[in-house]
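> after the sequence you'll find the predicted model.
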Number of protein chains: 2
Amino acid sequence: MIDRIEAYVEANKDRFIEELKQWLRFPSVSAQSARDSDTLACARWIKDHLAAMGMEARLIDKGGKPIVYARAMGRAGRPVVIYGHYDVQPEDPLDQWQTRPFEPVIRDGFIYARGASDDKGQVFAHVKAAESILRTGGQLPREVVFLLEGEEECGGDALPRHVRDEKALRPQAVIVSDSSMYDERTPAMTYGLRGIAAFEITVKGPNKDVHSGSYGGAVANPAVVLSRLIAQCVGPDGKILVPGLYEDVAPVQEWERENLGRLGYNDAVLKDELKVPRLFGEAGYSTLERLWARPTFEVNGLFGGYTGQGAKTIVPATATVKISLRLVPRQDPDKVRQLVLDYIRSICPDTVRFEITQAHTSPPILFDVNNPAMRAAQEALRFGFGADPVFIRCGGSIPVVNTFVQQWGCPVLLMGFGLDSDGAHSPNERFKVDSFLKGARASAHLLLNM
Amino acid sequence: MIDRIEAYVEANKDRFIEELKQWLRFPSVSAQSARDSDTLACARWIKDHLAAMGMEARLIDKGGKPIVYARAMGRAGRPVVIYGHYDVQPEDPLDQWQTRPFEPVIRDGFIYARGASDDKGQVFAHVKAAESILRTGGQLPREVVFLLEGEEECGGDALPRHVRDEKALRPQAVIVSDSSMYDERTPAMTYGLRGIAAFEITVKGPNKDVHSGSYGGAVANPAVVLSRLIAQCVGPDGKILVPGLYEDVAPVQEWERENLGRLGYNDAVLKDELKVPRLFGEAGYSTLERLWARPTFEVNGLFGGYTGQGAKTIVPATATVKISLRLVPRQDPDKVRQLVLDYIRSICPDTVRFEITQAHTSPPILFDVNNPAMRAAQEALRFGFGADPVFIRCGGSIPVVNTFVQQWGCPVLLMGFGLDSDGAHSPNERFKVDSFLKGARASAHLLLNM
């Protein structure tokens, strides 16, 4: 079976690429209302394309941009959902593009266009995988459902609403290809995501900015108090000092530590990329462990008093910090939130007032790498890319993954076909043609073996 | 002699007030070029007024707004300089004035107008004192020189330039009435000013703001590093932690401590004014000691990363703080600057880069309260106001005083006739008519007894 599919992909690859170029020509910039009709046309095009492949396809209206839904029946069992998005980032700065963002061209083995990697190219690999199975008489072992949203780049909630409404669907797994391979040769399965708990703390001193000559020495300076609060939250060795914060942290397991070691991560490259004199983080952990498996306490922004040019000698009325903690598996964002609130309350001096606002939280996620769906995805990547995939985690959060986990409780197969160097969200976005075709082969393998 | 002068003031007080009103009608807002001709007319009016009193008067052009110069010969010895300024602050917000800012009115014993207290009213008390002596046949023991600048409110440097050019003048003392009495009944002599050393420190991390999920845990967060630097500069007890900083601080002398105690300063009033839950400052010192005689370390402003609405999960590229230290007598601003630079260098971790920019410095000042000129001023205030004057210091700096001290090395008699509640720089600025007349009597006493 898989041989027939391989032959089909090989025989039709030029057409596949031409079709992808066609899809990439829609400037489906969801954040720009002037492009609403283009975005809608883009959704209709892929819906029609999926229908022409023999799938039951339609647009679902949940408010906002429509969700493209397409279904192919399978032999039995719970369905597999393929998630992706057809909307793209704005293309500016336009003058930094070497070719026009919505006129795809192939250069040096890459297809250049806005959306090439994020996410149309990756989605289209799955679309062509489904076509290859359906057109070669293959029968899908499970029902396959495409869910392609049009609001990923503009933070809409049509898709989360749809997933909540379709809670009963309970798929076997959700496939998400909206991320990167480990490197150009090495495909990767992402099995862990950090969570987040974000806050804003404002320390309030005098009722207005006051002259630092006339009042300095008589009242607490809110910016100094705030600085000390921050310094009391995270130590010079990178340890978070909020009591109880590490209590529920899932330790890095032995296999993971070995796995991370094998990845051959190069600190020098990161140091050079960020142009920092030295990397830094919690003592006792490697860079990858710190990025993927350890919580962090970061100041995202701070401000208070006079921030213009030159000097203004005041004691500021207030000082504010935006903080976010990255959370790791088994940490509960609500518990962390409470620990931070209690701690700040306990250390804030009584010479000032303070206000804490909770911004948002998102739980960490860890998938069992031994889950059959994960194993199947690993095999599929090995088949498609001809290389052993590695298991990685991700330091950030992917909100839609939380939606799937919360509503459907199933594993999410984060298998990116892109590269970090694809320039998603940047000028000259591109996607490797070879990865597109390998991704299609991997996807077909997965759909046949779930 | 002084009786004759008192009688003259009493007999002419209504005219004095009318003349002051006339002077206050000039909208001499030096910061607004649209008012340049009004400001010049204002200078000419007071110059002509001084000339009509029999003084040798002229405008001195040092670039910028002219300096009003007027001289009356004395019997012998070095001259006495009376400093003041004829320019005023802008009047906005205009809608908060009960009567028009440049149409002076008298209400409840106060004259209301922009410049009434700051500084025309106070200057005019000295002008009328000189007139009272000159018109009653009194002879001045010393030459009296008026130096009235037109750039005090816009930070011009015509006056400093003039003083430097007239270094040889070396007056016995400079009289400055551009400040406040201790309270409505109690005149005050200010004998100490704090100095200042200001800095801006920028901590530099990654070469751009980076995603806190993808990079958080691998690089030092400049805002966290900056917060810790600040927390390491000043302790939770208000002590400055920069080594050597207190080395040269002149201790509060026994008589001063007693004097401060007698002033009956009320912490509760300040706490209520600033609406802070508790006052705060260096342990072991009273509020007035902390405000007047102890150095402070203040953050005047800080900023870094994302400061807009909501959250943005980044590790900022940089974080910046504006710092100023208030210095007290015997501290050398240049030495302090070096101590701070050395300390920051020694504590800043090697995971970031940093930049320190020095903003400005100004030395602290302490006058000997037993200097004959200070004694004479004290007597004059007692005579004019019928109350014992108190000795106070000031937590801020007055740049022009530094100019006088640096160029002429003479005592500056800081004897304010205004009140803190006069609303200088605010709507409904006012000056107590009674203080104006008492100020004139005090000034006459001083000019006769220096």
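That came through, no problem. Numbering: from 1, shown residues only, chains lettered A, B, ... in the order given.
> what's near enough to touch whatever residue of the stretch 51-200 of chain A ends up closest to chain B?
Across the stretch 51-200 of chain A, the shortest distance to chain B (C-beta to the nearest C-beta) belongs to A:Ala198, at 4.7 Å. C-beta here means a position set from N, CA and C on the backbone, and glycine is covered the same way. With contact set as C-beta atoms under 8 Å, 6 or more residues apart in numbering or on different chains, A:Ala198 has these partners: A:Asn300, A:Lys322, A:Ile323, A:Ser324, A:Leu325, A:Gln358, A:Ala359, A:His360, A:Thr361, B:Ala311, B:Thr313.
> any of those residues buried? List them.
Among the contacts of A:Ala198, those classed as buried by 16 or more other C-beta atoms under 10 Å in any protein chain shown are A:Asn300, A:Lys322, A:Ile323, A:Ser324, A:Leu325, A:Ala359, A:Thr361, B:Ala311, B:Thr313.
> could you say which helix or strand holds A:Val123?
helix A:120-135 (DSSP states H and E).
> measure the residue of the stretch 51-200 of chain A closest to chain B to A:Gly395 for me?
15 Å (C-beta to C-beta, to the nearest Å).
> next one: A:Pro27
31 Å.
> the more surrounded of these two?
Just comparing A:Pro27 and A:Gly395: by other C-beta atoms under 10 Å in any protein chain shown the higher neighbour count belongs to A:Gly395, 24 against 19.
> touching, the more buried one and B:Thr313? I think so.
No: under the criterion of C-beta atoms under 8 Å, A:Gly395 is not in contact with B:Thr313, lying 10.5 Å apart.
> now the strands for the stretch 51-200 of chain A?
Applying DSSP state E, counting those that start in this stretch to the stretch 51-200 of chain A gives strands spanning A:56-60, A:67-72, A:80-85, A:105-107, A:110-112, A:144-149, A:173-176, A:188-193, A:195-204.
> just checking: what are the partner strands of the last one?
Listed by DSSP bridges, the sheet partners of strand A:195-204 and their directions read strand A:318-327 (antiparallel), strand A:353-362 (antiparallel).
> how about the helix or strand just after it and chain B, touching?
Remark: after strand A:195-204, the chain's next helix or strand is strand A:210-211, criterion DSSP H and E. Yes: residues of strand A:210-211 contacting chain B under C-beta under 8 Å from any C-beta of the partner chain: A:Val210, A:His211.
> quick check: chain neighbours aside, which residue is closest to the residue lying farthest from the centre of chain A?
Centroid-distance maximum for chain A: A:Ser214 at 50.8 Å, with C-alpha atoms, centre = their mean. Setting aside the residues directly before and after it, A:Ser214 is nearest to B:Gly395 in space (C-beta to C-beta, 6 or more residues apart in numbering or on different chains), at 5.2 Å.
> that neighbour and B:Leu193, how far apart?
Separation of B:Gly395 from B:Leu193 (C-beta to C-beta): 8 Å.
> ditto for A:Glu131
83 Å.
> which of these two has more neighbours?
Taking neighbours as other C-beta under 10 Å, A:Glu131 and B:Leu193 compare with B:Leu193 leading, 30 against 26.
> quick check on the nearest residue to that one once chain neighbours are set aside: phi, psi?
Of all residues not flanking B:Leu193 in the chain, B:Ile365 sits nearest, at 4.5 Å (C-beta to C-beta, 6+ apart). With angles defined as degrees, to the nearest 10, B:Ile365 sits at phi -140, psi 140.
> just A:Gly155 next, same as before
As for A:Gly155, its main-chain torsions (degrees, to the nearest 10) stand at phi 70, psi 30.
> how many other residues sit next to it?
With other C-beta under 10 Å as criterion, A:Gly155 counts 9.
> check the one 10 residues further on too.
Other residues near A:Asp165 number 12, with proximity taken as other C-beta under 10 Å.
> distance of the closest residue to it other than its chain neighbours from A:Ser33?
Leaving out its chain neighbours, the residue that sits closest to A:Asp165 by C-beta to C-beta, 6+ apart is A:Lys62, at 7.7 Å. Per C-beta to C-beta, A:Lys62 is found 18 Å from A:Ser33.
> the two: who's more crowded?
A:Lys62 (19 against 10).
> now do the same contact list for the more buried one.
A:Ala158, A:Leu159, A:Arg161, A:His162, A:Asp165.
> can I get those residues in CSV including pLDDT and distance to A:Ser286?
Below are these laid out as CSV (pLDDT from 0 to 100; distance: C-beta to C-beta, whole Å):
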residue, pLDDT, distance to A:Ser286
A:Ala158, 96, 40
A:Leu159, 97, 36
A:Arg161, 97, 40
A:His162, 97, 40
A:Asp165, 97, 43
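> list buried residues within the residues you listed.
By neighbour count, with 16+ other C-beta under 10 Å, the contacts of A:Lys62 hold A:Ala158, A:Leu159, A:Arg161, A:His162 as buried.
> hmm, back to that, okay, the strands paired with strand A:195-204 in JSON lines with mean pLDDT next?
JSON lines is the format used below for the strands paired with strand A:195-204 (pLDDT from 0 to 100):
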{"stretch": "strand A:318-327", "mean pLDDT": "97"}
{"stretch": "strand A:353-362", "mean pLDDT": "89"}
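> closest one to B:Pro101 among those strands?
Set against B:Pro101 and scored by C-beta to C-beta, the strands paired with strand A:195-204 come closest in strand A:318-327, at 30.9 Å.
> any idea how far the residue most central in space within chain A is from chain B?
Geometric centre of chain A, nearest residue: A:Ile398, 3.9 Å, by C-alpha atoms, centre = their mean. A:Ile398 sits at a distance of 9 Å from chain B (criterion: C-beta to the nearest C-beta, to the nearest Å).
> quick check: closest non-adjacent residue to that residue.
Spatially, and ignoring its direct neighbours in sequence, A:Ile398 is nearest to A:Leu193 (5.9 Å; C-beta to C-beta, 6+ apart).
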